[in-house]
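Asker: okay, predicted coordinates and the sequence, questions at the end:
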Amino acid sequence: MMHIRRTPGGNDVGFSIILAIQIAVVFVVAPLAATGAASADLVEMLRFGLAATTMLVIARHPAVRAAVALAFVASLLATLQWRLGQTAFVIAAIKVVVTIGFDVTVATIVAIAAFGPGRVTVHRILGAVILYLYVALIFAGLYRLTMLVTDGAFSGMAAGPRAQFSGLLYFSLGSLTTGSTGEIMAVHPMVRSLASLESVIGQLFPATLLARLVMLHAANGTDDKD
């Protein structure tokens, strides 16, 4: 059984920190890295912040903390090996798969903390927002994997790993939120299928899970007044 810390204020602080780091990665670091104004190392530093926050603040069980730590270390080692010049297909694919695994691990822990039993607070709603953004990050990794294993997966995608990182996030967020991906288009049938799945999740998540938390939070506020 996975245990998540439920001490007063613990998850609240953790959710706020994770959301701040996520916003920095998705909306600040990725665009700056694509233009060369920011180092790709900054992404790994922020990912370390995500791992540390999840382990120290949200996750309580040692096995859960170990899972996050191992996923992050594996991602870091794969990144280091890739930057040392070993850019073979296998190394690149391993890096993407491990990164997806890291994102899924952290997202799972956040989901359990946000949607688990207990009083619904504003910060637990922030946890649901974090999970929503993690969907975009995870699908961006899946799109990257399809680019490695198929030719011509996208049209309109810029060349270079930094530009592709930003472009895939842009495409993923567009698919998740509005179903519109701008000038980047999915060409391969598998990519189109993934984009369609992400669009479905993007439409259902706010209308079901997120709305449910907001309603429970509002009900709690009404009970307090009574």
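Answerer: Perfect, I can see it now.

Asker: contacts, neighbours, all on C-alpha from now
Answerer: Noted.

Asker: count the neighbours of the residue nearest to G156 when sequence neighbours are not counted for me.
Answerer: Once flanking residues are discounted, G156 sits nearest to I184: 4.7 Å by Cα to Cα, 6 or more residues apart in numbering. The local packing of I184 (other Cα atoms under 10 Å) involves 17 other residues.

Asker: distance of I184 from E198?
Answerer: Between I184 and E198 the computed distance is 16 Å (Cα to Cα, to the nearest Å).

Asker: what about the residue nearest to T35 when sequence neighbours are not counted, neighbour count?
Answerer: In space, and not counting its chain neighbours, T35 is closest to A163: 7.4 Å by Cα to Cα, 6+ apart. Neighbour count for A163, taken as other Cα under 10 Å: 19.

Asker: ok, A163 - contacts?
Answerer: Residues in contact with A163, defined by Cα atoms under 8 Å, 6 or more residues apart in numbering, are A33, A34, T35.

Asker: again, only using 10 Å
Answerer: Neighbour list for A163: A30, P31, L32, A33, A34, T35, G36, M157, L169 [criterion: Cα atoms under 10 Å, 6 or more residues apart in numbering].

Asker: mind pulling up the pLDDT for the last one?
Answerer: pLDDT, the model's per-residue confidence, is 89 for L169.

Asker: what about it, helix or strand, and which?
Answerer: helix 161-177 (DSSP states H and E).

Asker: after that helix, next one along is what?
Answerer: Heading C-terminal from helix 161-177, the first helix or strand you meet, by DSSP H and E, is strand 185-186.

Asker: check contacts around V68.
Answerer: Neighbours of V68 in contact, by Cα under 10 Å, 6+ apart: 50-52, 54-55, 59, 74, 101-106, 109.

Asker: surely T177 is in contact with I201?
Answerer: Yes. Using Cα atoms under 10 Å, T177 is in contact with I201, at 9.2 Å.

Asker: noted, bye for now.
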